[in-house]
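Trainee: I would like to see how this sequence folds:
(2 chains)
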Amino acid sequence: MLRTVICDLARLRLSGSASPAAVLITQVREKGHLSRPRLRNPYWFIRQQRTRTDDLVTGENRTFIKEVVHDTYGVPALIKGTQTYEQKQLIKTTEAPTDAEPWTPAVRRCGLIARKIGQYPLWLKNGERVRTTLLQVVDNHVIKYIPPEEYRPTQRPNVHHLNKYGCVLVGAECTNPALLTKEYCGLFRDSGVMPKKNLARFIVSPQAALAAGTPLNVGHFRVGEFVDVRGKTVDHGFQGVVKRHGFKGMPASHGVTKTHRRAGNIGGGGEKGRVWPGTKMPGHMGNRWRIIKGLRIWRINTKYNVMWVQGSAVPGSTNGLVYIYDTILPLRKPKDAPPFPTLYDNADANEPDDIWYDQVHSFKEESISYKPE
Amino acid sequence: MNVNARVLSNRLAQQCSLKRIVTFSTKPTQQAAAVAVPQQKDAANSAPVRKPIVPAHYRFVYPEFLPDPKVEWRNTVREKLERLDMLDRRRQIELPEFYVGSILAVTSSDPHAAGKISRFVGICIHRERCGLRARFILRNVIDHQGIEVVYELYDPTIQKVEVLRLEKRVDDSLFYLRDALPEFSTFDEQMEPETLEEGTPVPINDIKVVLRPRPWLERWERQNLLGVANIDQYIKDKHRKSAEKVQKPWEKYDMMKHYRATIPEEEQKEIFAEVHTELHTLELQRKRNKRKRSFVKPKQLA
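Mentor: Residues are numbered from 1 along each chain as shown, chains lettered A, B, ... in the order given. Coordinates of the predicted model:
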């Protein structure tokens, strides 16, 4: 608006001068400030669901649509514990690229999209009990790789030297494309992967680039390694200080009235006579993105694509989506090379379903007993 | 012990009836038991119905195989993996059938014990949680001191679980033993296991314990306990009145509440159909091994 006002003023001044032909002069001083590019969302943030209308489609036509979906993507199938489609005829790169560069500790690998499916305890070989959270990697496929030259996000993620990194777009959980918008389905056209319900982008080094269509499984990580898990915490709504910050509240009786769960004093007087920034007060609790860092993987099940990670504080509710990354904690980074750029599924039947970390007591082993001294 | 041929008698069902709905409780409610009786008669009159493959008593014998009924916490894959782990553990160790009120001896590895092994005998006063988290509390009085130990059923440090006396009590949990006279929770550590004949129903011990005078740990007068003899002796009118006030007699008609607090029968069937064969073979195997075991002359005590 300011710019238009300035323009108008300039025009007025000019029109007041001798020359009748109006010369438009835009002031350059404030131009950059006003015409800064808007923070656009990534191109894959498109409306996903089609408006559900009561189409006058006959039952025959409906079955025909279903047939078309099945012809293109295969019949619905339960693969690794997730409901998906048999995407046999789709082109998938199942072999590792021959010209892959070796792993170095500085390299950033791709992450995974998973669902938090619950928690239960495991026991270590010394008899210690550890609480674990189960994360199921749900039908992940690489949708696209954007090389560093082309990856110029307007909303820059907090990554140092972002210009050196590319971006891998990963999708999880196939869904019926008849329910999705045309534009959203178009995102998947080049990859040959079926439209997915969930998308996530991972910032990766160019060495860790993955070809579109590569399936990502839990074998991407190994037992004993540490991961960071990102999720959206449970929404508690607007909460008071007792629930939100663990304040004690006030006594229930002994002459206390009208203040049982209130914060009490929120600041001093005199020079500091104001509410200081960051004071713990009532407000909205939860529904925020949080990353819990440095969780050890205790166990992996390749049959159901499940990993058991340390602790029960993984953000989000059960059956909620979480994103798994290699940890950024410097002391917990892997020393030797993990599967790089990812573990290509070579359908090795000899591998056991369950991979236990060597400190963990497998339930198939005998009871734990200590050696008498 | 044979659990296959055991039939849940009506008397049992009535005696176990709940006064309040307990999450994970698989015992039928009073109302459900009342309904169940005429149904059985109808079934006898009508055409013979095909018997279910999974024995009906499995939900009492293996209650921890039923997941938490809270819908938000359920996930089929997790539950399946958990059941597989439970079965794996059960292949390693015999986890016998027992109930609240049974007397157990648990042998577990303990890094701090003298021989790295400790054995604790006590009465099971509480059973809770499901899946690998299932646990129970044993209580005994040792040297005039009440001792309670919480054991996790699937903890691999447990070496052996013996049922010394298999019986039930009339209440869902026996926390009131903490306020009862010590003789009601005193059990001999050298107790010999009592054998129950095959096919007999689990006996119900309707012993009434005698409480110590107040103060108590909980307000027992509010909990409609059947196994306590002398609550009235110690409570005053004001306690009686407040106990009446907090009663919720309508809850036994609240079908939705009951539905939410339990796993529906169809799902129970599905779950047990999955684990039944494995559990059954384990039972048979254990029985065979027991018969094979040679007779050891009991040691004479003191």
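
Trainee: interface residues of the stretch 1-150 of chain A facing chain B?
Mentor: Contact residues (Cβ under 8 Å from any Cβ of the partner chain) of the stretch 1-150 of chain A with chain B: A:Gly81, A:Ile117, A:Gly118, A:Tyr120, A:Pro121, A:Trp123, A:Gly127, A:Arg129, A:Leu134, A:Gln136. Backbone N, C-alpha and C define where each C-beta goes, glycine included.

Trainee: OK, contacts around the third one?
Mentor: If I follow you right, that is A:Gly118. Neighbouring residues of A:Gly118 by Cβ atoms under 8 Å, 6 or more residues apart in numbering or on different chains: A:Thr133, A:Leu134, A:Thr318, B:Trp73, B:Asn75, B:Arg78, B:Glu79, B:Glu82.

Trainee: closest to A:Pro277 among those?
Mentor: Nearest to A:Pro277 among the contacts of A:Gly118 is A:Thr133, at 34.3 Å by Cβ to Cβ.

Trainee: what about the closest one, how many neighbours?
Mentor: Counted by other Cβ atoms under 10 Å in any protein chain shown, the residues lying close to A:Thr133 total 23.

Trainee: grab the CA positions of the strand or helix carrying it and hand them over as CSV.
Mentor: In this assignment (DSSP states H and E), A:Thr133 forms part of strand A:129-137. The C-alpha coordinates for strand A:129-137 follow below in CSV (Å, rounded to 0.1, in the frame of the first residue of the first chain):
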residue,chain,number,x,y,z
ARG,A,129,14.1,-53.7,31.9
VAL,A,130,13.9,-51.1,29.2
ARG,A,131,10.7,-49.5,28.0
THR,A,132,10.6,-49.4,24.2
THR,A,133,8.3,-47.8,21.6
LEU,A,134,7.5,-49.7,18.4
LEU,A,135,7.8,-47.8,15.2
GLN,A,136,6.4,-49.3,12.0
VAL,A,137,7.8,-48.1,8.7
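
Trainee: for that strand, which helices and strands make contact with it?
Mentor: strand A:112-123, strand A:289-301, strand A:306-310, strand A:321-326, helix B:76-92 (3 or more Cβ pairs under 8 Å, 6 or more residues apart in numbering or on different chains; DSSP states H and E).

Trainee: one more time with 10 Å, if that's ok
Mentor: Judged by 3 or more Cβ pairs under 10 Å, 6 or more residues apart in numbering or on different chains; DSSP states H and E, strand A:129-137 is in contact with strand A:112-123, strand A:226-232, strand A:289-301, strand A:306-310, strand A:321-326, helix B:76-92.

Trainee: most tightly packed of the ones you listed?
Mentor: Of all the helices and strands packed on strand A:129-137, strand A:306-310 has the most neighbours on average by mean count of other Cβ atoms under 10 Å in any protein chain shown, namely a mean of 25.

Trainee: need the contact list for the closest residue to A:Glu173 other than its chain neighbours.
Mentor: Ranked by Cβ to Cβ, 6 or more residues apart in numbering or on different chains and with sequence neighbours excluded, the top spatial neighbour of A:Glu173 is A:Lys197, at 4.2 Å. Shown in contact with A:Lys197 (Cβ atoms under 10 Å, 6 or more residues apart in numbering or on different chains): A:48-49, A:113, A:138-139, A:171-176, A:179-180, A:321.
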